[in-house]
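Student: The following block contains a protein sequence and its predicted model.
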Amino acid sequence: GKEPLRVLVTGAAGQIGYSLVPMIAKGMMLGQDQPIILHLLDIEPAMEALNGVKMELIDSAFPLLKGVVATTNAMEACEDVDIAIMVGGYPRKEGMERKDVMSENVSIYKDQAAALEMNAAPNCKILVVANPANTNALILKEFAPSIPEKDITCLTRLDHNRALGQISEKLNVDVSYVKNVILWGNHSSTQYPDVNHATVITDSGEKSVNELVADDQWLKTEFITTVQQRGAAIIKARKLSSAMSAASAACDHIRDWVLGTPKGTWVSMGVYSDGSYGIPSGLIYSFPVTCEKGEWSIVQGLKIDEFSREKMDATAKELIEEKAIAHSCLN
Ligand code: NAI
């Protein structure tokens with residue numbers, strides 16, 4: 001059989017961690033034939049809870065799980081990891097300014113960049129989940145200069161999947177028949193879920209979402225705001241933020257990156273901008289990507305109308321501002 005892959009999950013004692021680690025151990029991230037060694041990192045106050053998670057992993061007797069490392073030492077956690085899912089972060093607490101949260105996270109991602117750079121396996125694939133996800137990933141990239149930029153990404157797949165879910169509900173079609181929505185930009189309320197290139201498989205062939213929904217007003221207003229504000233709606237309903245859907249999206253992101261996207265299908269990933277679609281380089285921005293042989297590439301040549309252009313630029317502008325705030329926190 002295959003050699004085990006080492007998968008790091010930071011913030012593993014938290015909510016997303018608790019949903020995510022069993023999914024990974026059951027093969028939902030890397031496939032049913034891929035043995036896994038889990039590396040779990042959290043901070044000292046969460047160590048007892050982290051040990052509890054480790055106990056439950058042992059008790060689950062997952063056939064693919066070949067070992068669990070649970071630690072509060074980032075250097076130890078990063079040792080030889082092939083995949084790193086960065087979920088750990090400093091949450092926004094009551095009365096905190098955006099800048100204060102940013103400052104806490106910038107210093108965490110700066111430190112963990114160094115640990116990954118020194119100890120992770122070459123070609124380790126990194127996915128940043130913790131918010132502000134795009135900017136945390138950018139800081140990680142800037143402080144790990146020897147890690148190729150193509151290996152550093154952030155999670156916008158949850159937003160992508162939320163867009164698929166809304167179209168599926170609206171049209172009353174199986175979600176697996178809907179494809180090629182795009183989530184542009186920041187994982188924040190300025191994100192732009194775009195269905196202009198999305199299609200649905202129907203009995204009479206593949207049809208565009210625009211044509212099937214036939215409600216431009218809904219697509220340009222309620223659809224967009226529902227996806228943008230879904231995170232807040234989940235917090236209101238559950239009194240806790242999205243965890244199951246975030247964990248599932250993280251598995252989708254890594255699975256498609258490593259094993260490839262199906263032919264004719266793209267997904268959304270936060271990646272280092274190369275200037276495609278006029279988005280300034282030097283930002284981690286969510287683009288439509290296809291993946292093959294473990295490499296993503298941005299889908300090129302899509303037609304962008306004026307409505308989309310404005311929304312894509314607005315979310316880029318927010319990322320430029322976040323980058324400036326993050327850099328000011330470092331000085
Ligand atoms: P949580 O608060 O339940 O868990 C976070 C964990 O990180 C805690 O166990 C905490 O002790 C740990 N942690 C804090 N500092 C750490 C450090 N320096 N190193 C390692 N671990 C550390 O939060 P939850 O609900 O699991 O969410 C985690 C993050 O994911 C949050 O930042 C949240 O905003 C973000 N998120 C991102 C989504 C996305 O689509 N990109 C979707 C949902 C959540």
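Tutor: Done, it's in.
Student: Which of the three states applies to Lys170?
Tutor: Counting by DSSP: H, G, I helix; E, B strand; the rest coil, the backbone at Lys170 sits in helix.
Student: wait, isn't Asp42 in contact with Ala13?
Tutor: Yes. Contact criterion Cβ atoms under 8 Å: Asp42 and Ala13 qualify, at 4.2 Å. Where C-beta positions appear, they are placed from N, C-alpha and C, glycine not excepted.
Student: what is in contact with those two at once?
Tutor: Common neighbours of Asp42 and Ala13, counting by Cβ atoms under 8 Å, 6 or more residues apart in numbering, are Ala49, Leu50.
Student: And stretch 256-269, how far out from the chain middle?
Tutor: How far stretch 256-269 lies from its chain's middle: 14 Å, per Cα atoms, centre = their mean, to the nearest Å.
Student: which residues are contacting it?
Tutor: Stretch 256-269 has contacts (Cβ under 8 Å, 6+ apart) with 30-31, 83, 125, 153-154, 156-157, 159-160, 179-184, 252-253, 286-294, 296, 299.
Student: Contact partners for Gly275?
Tutor: Neighbours of Gly275 in contact, by Cβ under 8 Å, 6+ apart: Ser281.
Student: Try it again at 10 Å.
Tutor: The contact partners of Gly275, by Cβ atoms under 10 Å, 6 or more residues apart in numbering, come to Ser281, Gly282, Ile298.
Student: What about these, which one has the most neighbours?
Tutor: Highest neighbour count within the contacts of Gly275: Ile298, with 19 neighbours (other Cβ atoms under 10 Å).
Student: what bridges to it?
Tutor: Per DSSP bridges, the residues bridged to Ile298 are Val289.
Student: hang on, it packs against Thr290?
Tutor: Yes. Using Cβ atoms under 10 Å, Ile298 is in contact with Thr290, at 8.6 Å.
Student: Which parts of this protein are helices?
Tutor: With DSSP state H as the criterion, the chain has helices at 15-25, 47-59, 74-78, 98-119, 133-142, 157-171, 209-213, 216-220, 222-228, 230-238, 244-259, 306-330.
Student: For these, give me a markdown table that also has mean neighbour count, mean pLDDT and distance to Ile201.
Tutor: Listed next are these as a markdown table, based on neighbours: other Cβ atoms under 10 Å; pLDDT from 0 to 100; distance: least, Cβ to Cβ, whole Å:
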| stretch | mean neighbour count | mean pLDDT | distance to Ile201 |
| --- | --- | --- | --- |
| helix 15-25 | 21 | 98 | 27 |
| helix 47-59 | 15 | 98 | 38 |
| helix 74-78 | 20 | 98 | 42 |
| helix 98-119 | 19 | 93 | 40 |
| helix 133-142 | 26 | 97 | 31 |
| helix 157-171 | 22 | 98 | 11 |
| helix 209-213 | 16 | 97 | 11 |
| helix 216-220 | 13 | 97 | 19 |
| helix 222-228 | 18 | 98 | 20 |
| helix 230-238 | 13 | 94 | 24 |
| helix 244-259 | 21 | 98 | 19 |
| helix 306-330 | 16 | 97 | 24 |
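Student: how much space between the residue nearest the centre of the chain and the ligand?
Tutor: For the chain, Leu155 is the residue whose C-alpha lies nearest the centre (Cα atoms, centre = their mean; 1.2 Å). For Leu155, the distance to the ligand (Cβ to the nearest ligand atom, to the nearest Å) stands at 4 Å.
Student: So what does that residue have for phi and psi?
Tutor: phi -80, psi 120 (degrees, to the nearest 10).
Student: OK, contacts around it?
Tutor: Residues near Leu155 by Cβ under 10 Å, 6+ apart: 16, 85-87, 127-131, 133-134, 137, 187, 246, 249-250, 252-254, 268-270, 286.
Student: Could you check the pLDDT of it?
Tutor: On pLDDT, Leu155 comes in at 98.
Student: Next: Gly27.
Tutor: pLDDT, Gly27: 98.
Student: And Glu222, how far from the ligand?
Tutor: From Glu222 to the ligand the distance is 21 Å (Cβ to the nearest ligand atom).
Student: And the closest residue to the ligand within the stretch 201-331 of the chain, how far from Ser19?
Tutor: Using Cβ to the nearest ligand atom, the closest approach of the stretch 201-331 of the chain to the ligand is made by Ala246 at 3.8 Å. Going from Ala246 to Ser19 by Cβ to Cβ, to the nearest Å gives 8 Å.
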